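In: Sequence and predicted structure are below.
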Amino acid sequence: MRVATWNVNGLRARQEYVLHWLRSRQPDVVGLQELKMRDEQFPASEFEAAGYTAVTHGQKSWNGVAVLAREAMDVRQVGLPGQEDFGSRLLTVEVGGLSFTTVYVPNGKDLEHPDFERKLAWLDALGEHFREHHDSTAPTILCGDFNVVPESIDSWDGDRLAGTIFHTEPERTRIAYIQQWGFCDLFRRLHPSEKTFSWWDYRGGSFYRNHGLRIDFLLGTEAISGRLQEAWTDRPYRKKIEGLTASDHAPVVADLN
């Protein structure tokens, strides 16, 4: 079973690119973030033609998450309870014998902006939501764009950027709290010392200079990580392909037995 997460940075601009990736990589379940469209605007028929059913939690112009799957899905949660005013950022489905949640964590903007404290509150609410409504012994995946760099190794210049947005202890503490419930980082489980990234700024040649951050994760419970075969960042799909422009994020992929 192949699972993946991908912040597509606007599906209208990326639809053909995402379809190209689906044909190439053939994932079974994919969490998407930052759709930037309402549910009724989602091109469900195009994805159905490619072999995927879609469940969406969209929003006009901003945010928005979706799950694509080859199998039928049962929707379990739409939106993070108590955090609805921060937009469409969480969706949970049951599919293929597992609980699959995709999230788009608020960016936080900068340390002085009110959204930074709201980001921390959102992460707190996410941690409590899993403790109250999920079973850590069940096969469960939480994936998405977390907008947090967990460790220095996950940043192109972790020492210089320490204490800046995405690199702060309050953000890292909350990611650690979420994982303590029963999650492990699937990529890090297999690649504990590899310095690789999932996001690169469009500006300043960041991708080609490899000035990136690892902020997109597939987290799995032991029932998932025990099935883990491989996990990787799909860096080729951060490049322009056949004239199609990539997102500023690359997909993150894992194969389970």
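Out: That came through fine.
In: Identify the residues contacting N210.
Out: Counting by C-beta atoms under 8 Å, 6 or more residues apart in numbering, N210 touches W156, F197, W200. For glycine as for every other residue, the C-beta is placed from the backbone atoms N, C-alpha and C.
In: what about A254, is that helix, strand or coil?
Out: strand (DSSP: H, G, I helix; E, B strand; the rest coil).
In: partners of it in the sheet?
Out: Taking DSSP bridges as the rule, A254 bridges to V3, A231.
In: how many neighbours does it have?
Out: Burial measure for A254: 26 neighbouring residues, criterion other C-beta atoms under 10 Å.
In: and the gap between it and L80?
Out: Separation of A254 from L80 (C-beta to C-beta, to the nearest Å): 23 Å.
In: how about the helices in this protein?
Out: 11-25, 44-49, 114-133, 158-161, 169-180, 186-190, 206-209, 222-225 (DSSP state H).
In: so which of the ones you listed comes closest to E34?
Out: With C-beta to C-beta as the criterion, E34 lies closest to helix 11-25 of the helices of the chain, at 8.3 Å.
In: List the neighbours of that closest one that are in contact with it.
Out: Contacts to helix 11-25, defined as C-beta under 8 Å, 6+ apart, come from residues 2, 4, 6, 8, 30, 32, 35-37, 42-43, 46-47, 50-52, 64, 68, 234, 237, 241-242, 244-247, 251, 253.
In: again, only using 7 Å
Out: Helix 11-25 is contacted by residues 8, 35-37, 43, 46, 50, 52, 234, 237, 241-242, 244-247, 251, 253 when judged by C-beta atoms under 7 Å, 6 or more residues apart in numbering.
In: average pLDDT for that helix?
Out: In this model, helix 11-25 has an average pLDDT of 98.
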